[in-house]
Each structure stands twice: as C-alpha cells, then as structure tokens.
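J.: A structural model of the following input is requested.
(2 chains)
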Amino acid sequence: MARVYILLLVFGLLGGVGFGAWKYYTDTQQRIQTLAENNAKLETALETSEASITALQAQAEQTAQLTAQLQTQLQQAEQYGDNLRKRLRQLDLNADALANPADLEGRMNGATAKLWREIMGETGNDTGSNSALPEWLQQNAGTRDQNSNPGSADNSTSSSQTQAN
Amino acid sequence: MVNKDNLEQFVADFTAEHGEFAIVALSIDNYENLALNIADLRRYINQQTDIIVYYEESMKPDAPSDNNKNTSTD
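T.: Here you go, the predicted model:
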C-alpha cells in the first residue's frame, strides 16, 4: 500500500513538474511574441523619429541659409541711399547751380532717368534700358539755354553724377 | 535749374510758354532731401521684395529626399 502512495506521489510530482514546464514554455513563448511585437513598434517609431530629425535638420539648415541671404540683401538695399548721401556730401550743388545751372540740370535729369529705370527694373519691369523715359522727364521746360546738357532729353544716363552703384 | 543769372530769361520763357508765371520751386537743400527720401522709398521697396522672396522660398515644399528610403531595420 505504501508503494502505491509513493508511486502516486512520484506521478504527482512528475505531473506537477511537467505542467510547470509546459506553463513556463507557453508563458515564455507568449512573452517573446509580445516583446517581438513591441520591438517592431519601437523600430518603426525610431525610423519615424530619425526621419523627422533629418527633415528638421535640413529645414533648419535651409532656413539659416535663407536668413543669411536675406540679411545680405537687406544690407544691399541700403547701398543706394548710402552712396547718395556720400555723393551729396562730396558735391556742392549750390556752387554748381551758380556756376553752370544747365550742366547741373542735365546731370540731375540724367541721374533721375537712371534712378527711374532702376526702380522700374527692380519692381518687375524687365524692359530695362529700352524703356521710355516718363513724359515729365522728357519735357523741356524752357529753363535751359542753347548749351543745355541734353542728358535730360535723350535716353542716355551717362550724365548721372549721383550713381547708385 | 534757375539761379540769379538766368532768372529773368526763365521768367520770360516760362511766361511765354504757359501764359502765367506760377511755379513750384525747390531749393538745393530740399532737392537733396527729396532725393534722399526717394532713396529711402527705393530701399523700402527692395527690402519688402527681399522679404517676400524669403518667405516664398521658405514656404516652398521640400524636394523629395532619399532619407526615408534609406532608413531600414536590421
């Protein structure tokens, strides 16, 4: 009788060990599957993050480049005014007006024509130097004498003394 | 351009052409101020154009890159 009990005990122990092993195996397999799925999700998230970082870096680089370019162009836009101030400091227009008003008038008109064409070009008019001068600039108001500088009437801007560039 | 030497001739020519002598005169100093103000307007126009171009370039869609294609899992 004792042998039967011992045999039942051994079978019970072996059955418990077997059940434990089976349970451990299934749990482990399920855990491996879960971890594999999580790993796949993390890899996808990592790819997305790396792509986002790359895109943001490229965008930041482009923005920095455009900003530097804009800064340069904003400074270039001030060049004409700076040159004009410098030129006006160098010239004595009052003395020129008293000495030779016709010459000064021609130079002023030439500079005005040059400025007019440059502004037209900068604001989208692509006719450039072929564009006609405005009527008010071509008119002869009768203030000039016979020796008047023709720079105000023709299309030449060579008489400009207040050149921007 | 009128100074004291050609003023009389200017008045005569102007009156002969327009009938009445009524003008808008500009002194040399005021002419310089006008030129500087126009230069300032030109600067403003050009700077605004530059800013518009800047935003247009910034808002352009990015060119298709190979970054996404090259990222692969091991």
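J.: name the helix or strand for residue B:48, please.
T.: Mapping residue B:48 onto the secondary structure by DSSP states H and E places it in helix B:28-58.
J.: what comes up buried for that helix?
T.: Of all the residues in helix B:28-58, those buried under the rule 16 or more other Cβ atoms under 10 Å in any protein chain shown are B:28, B:32, B:35, B:38-39, B:42-43, B:46-47, B:50, B:54. In this view, the C-beta of every residue, glycine as well, is placed from N, C-alpha and C.
J.: next one: phi and psi at residue B:25?
T.: Note on residue B:25: backbone dihedrals following degrees, to the nearest 10 are phi -100, psi 150.
J.: interface residues of chain B facing chain A?
T.: Contact residues, chain B versus chain A (Cβ under 8 Å from any Cβ of the partner chain): B:1-6, B:9-10, B:13-14, B:16-17, B:28, B:31-32, B:35-36, B:38-40, B:42-43, B:45-47, B:49-51, B:54, B:57-58, B:62, B:65, B:67-68, B:71, B:73.
J.: how about 6 Å then?
T.: With Cβ under 6 Å from any Cβ of the partner chain as the criterion, chain B comes near chain A at residues B:1-3, B:10, B:13, B:17, B:28, B:32, B:39, B:42-43, B:46-47, B:50, B:54, B:57-58, B:67-68, B:71, B:73.
J.: any idea which element the most centrally placed residue in chain A lies in?
T.: For chain A, the residue whose C-alpha lies nearest the mean C-alpha position (Cα atoms, centre = their mean) is residue A:66; its distance is 2.7 Å. Residue A:66 is located in helix A:2-77, with elements delineated by DSSP H and E.
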